[in-house]
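Build me a structure from this.
(one chain, ligands or ions: 1)
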Amino acid sequence: MVWTPLHAYLHTLLRQHPYLPPRSRLLLGFSGGQDSLCLLQLLRDLQPKWHWDLAIAHCDHRWPPDSHLNAQHVAQLAQTWQITLHSFLAPKRLKGEAEGRTWRYQVMSDLAQQQGYTHLVTAHTASDRAETLLYNLVRGSGMDGLQALLWQRKLTDIVTLVRPLLATTRAQTQTFCQELNLPIWNDSMNQDYHYRRNRLRLDVLPYLREHFNPQVDRAIAQTAELLQADVEYLEKQAQKLFIAALNPENVRQIDRQKLAEAPLSLQRRTLRLFLNPIPGLNYTKIEQVLQLLYGNHRDRTESLGGGWSAEVFHRWIQLIQ
Ligand SMILES: Nc1ncnc2c1ncn2[C@@H]1O[C@H](COP(=O)(O)OP(=O)(O)OP(=O)(O)O)[C@@H](O)[C@H]1O
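This is a model prediction of the structure:
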């Protein structure tokens, strides 16, 4: 086995954080592309030290048109490398990225749950994180969207999603695959400009790397990391305030005075929790309700959607339908 800097990276990461504890049952989401191939090689190489039970899952979205060849490539590799493979074929052709992703996570998470895999692992990198942050930034997302891709997240009571390559760049996984001569599957969709994310990957990030910061993937990923901790803290505080301010006798009423005493950032977050029943909740709707904090009895917002509006009722803001 060749011990590379990425082997050292992963081994050290897992010793510092119990993302993939010894003897866990791992299911790796495997596209056959450079990132998941790199991670598969790393996990296989570290397996003797960590005693994992390792399998891969491949999802054929029936798109692009040669996706069946991708599935065949993965099946061949699994056979050569003697790895358990679970294959899924989409019930219909899945086109959009979001649709594909939702289906993929659903089937892999169900499989993990049914077959006792404790961890669903994906090969997202710092470059994916940078792309996601930029993508959400230009759409006007708040901090929560900018924290972009968490290291781990509970999917069910049993299954945790883990992304151990989040501090690695795509350039590193590419070098790794090239040096070890691994058979990368090149997904033709990655060059397709219909997908706006690809423009970020193919045009925007290379431009930023050349003219602003050669390490821009890492820099933006680090921003996401910092934001993640801030969001986690603020969300906990908002939960506390929400519980304290909610009328125990009527969950559609929240105490204006208690909210007004809190910083603006917590006011917004707490109102978001309060306004949870409203479909398509967005910044503008939250701002409308925020105005009621300082309003008079019976002041009311316009319709917030789904037949809901909010009004001042003595010391409360109340949601009415
Ligand atoms: N068809 C698939 N089947 C199973 N898992 C997948 C599939 N496509 C992606 N994944 C998982 O989701 C992760 C992120 O997917 P994304 O589409 O952003 O990257 P990708 O370019 O496909 O990554 P890779 O370089 O591994 O191909 C991948 O690293 C992989 O772990």
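
tell me what the helix or strand hosting L241 is packed against?
Counting by DSSP states H and E, the element that carries L241 is helix 216-245. Taking 3 or more Cβ pairs under 8 Å, 6 or more residues apart in numbering; DSSP states H and E as contact, the helices and strands that helix 216-245 lies on are helix 126-138, helix 143-146, helix 205-211, strand 250-255, helix 256-261, helix 264-274. Yep, even glycine has a C-beta here, placed from its N, CA and C like the rest.

Tell me which of the ones you listed sits most buried.
Highest mean neighbour count among those (mean count of other Cβ atoms under 10 Å): helix 126-138, with a mean of 21.

Output the contacting helices and strands for it.
Identification of packing neighbours for helix 126-138 by 3+ Cβ pairs under 8 Å, 6+ apart yields helix 143-146, helix 170-179, helix 196-199, helix 205-211, helix 216-245.

Name the SS class of whatever residue of the stretch 51-200 of the chain ends up closest to the ligand, please.
Closest to the ligand within the stretch 51-200 of the chain is A123: 3.2 Å, counting by Cβ to the nearest ligand atom. The three-state assignment at A123 reads coil, by DSSP: H, G, I helix; E, B strand; the rest coil.

Then L26?
When the structure is reduced to helix, strand and coil (three-state DSSP), L26 reads as strand.

In the protein, which strand is the longest?
Among all segments of the chain classified by DSSP state E, the strand with the greatest residue count is strand 53-60.

where does stretch 294-304 sit relative to the chain's centre, distance-wise?
Distance of stretch 294-304 from its chain centroid, counting by Cα atoms, centre = their mean, to the nearest Å, is 36 Å.

Quick check: buried residues in that stretch?
Of the residues in stretch 294-304, those scored as buried under the neighbour-count criterion (16 or more other Cβ atoms under 10 Å) are T301, L304.

ok, now stretch 151-165?
W151, Q152, L155, V159, T160, L161, V162, R163, P164, L165.

quick one: is that stretch near the ligand?
No - using Cβ under 6 Å from any ligand atom, stretch 151-165 never reaches the ligand; the gap is at least 7.8 Å.

So which residues make contact with that stretch?
Residues outside stretch 151-165 that contact it (Cβ atoms under 8 Å, 6 or more residues apart in numbering) are 10, 13-14, 17, 19-20, 35, 38-39, 105, 109, 112-113, 116-126, 149-150, 166, 173.

ok, now stretch 179-193?
Contacts with stretch 179-193, where a contact means Cβ under 8 Å, 6+ apart, come from 2, 4, 31-34, 37-38, 41, 63-64, 66, 70, 73-74, 77, 176-177, 195, 198-199, 201-202.
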